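# Next come a sequence and a model predicted from it.
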Amino acid sequence: MPKKRSSKHDILRQQGVLNPNAENVTDPLFQQSEFFDPYDLIQVKYEMLRQVDAEGQAIASAASRFGVSRPTFYQAQSRFKERGLGGLLREKPGPRSAHKLSDEVLEFIDKQQEADPELTPADAARLIHERFGLNVHPRSIERAQSRREKKRR
């Protein structure tokens, strides 16, 4: 049986839903039943939300028993209401879009390249810094231009 649990934990880790604070889950359901797995973050969050909504449990108490903070509870509740179970999945960290290379900056680069077809990404990075005060790596410029080309096709 331990091998099965280990492989499940490996799968949960690969999917990004392994609960890093499983030892903090003290709810009796997760202590007394093999069905409830404190390492399954989606199951933990869903059961926490269910107990508050369906059974009227206090939020602070439920958050504590499930090993999360109250802000984490409210975040899970909001995402679950908006997106269902998928909202309980962790989102990838980091920026969601090209936050430095906006359309305005890319248009500026396009105009500079029209004026000087020999403009290198390093030169473009320098011009962006001079004009917009942004530090952009030349490779980021190349990737952004490549993405734009793919969209145009």
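Looks like it came in fine.
# switch to C-alpha atoms for all contacts and neighbour counts from now on
OK.
# Assumed residue 26 was part of a strand.
No - Residue 26: not assigned to a strand; according to DSSP: H, G, I helix; E, B strand; the rest coil it is coil.
# burial of residue 123, as a residue count?
The number of residues packed near residue 123 is 14, by other Cα atoms under 10 Å.
# Quick check: closest non-adjacent residue to residue 141.
In space, and not counting its chain neighbours, residue 141 is closest to residue 121: 6.3 Å by Cα to Cα, 6 or more residues apart in numbering.
# got a list of what the one you found touches?
When the contact criterion is Cα atoms under 8 Å, 6 or more residues apart in numbering, the partners of residue 121 are 138, 139, 141, 142.
# Buried ones in the strand or helix carrying residue 131, by neighbour count?
For residue 131, the element it lies in under DSSP states H and E is helix 121-132. Buried residues in helix 121-132, counted by 16 or more other Cα atoms under 10 Å: 121, 124, 125, 126, 127, 128.
# Looking at these, which is nearest residue 110?
residue 124 (9.6 Å; Cα to Cα).
# returning to that earlier point: tell me the first helix or strand C-terminal of the helix holding residue 131.
Next along the chain after helix 121-132, taking DSSP H and E as the criterion, comes helix 138-152.
# Show me what that following helix is packed up against.
If contacts are counted by 3 or more Cα pairs under 8 Å, 6 or more residues apart in numbering; DSSP states H and E, helix 138-152 sits against helix 121-132.
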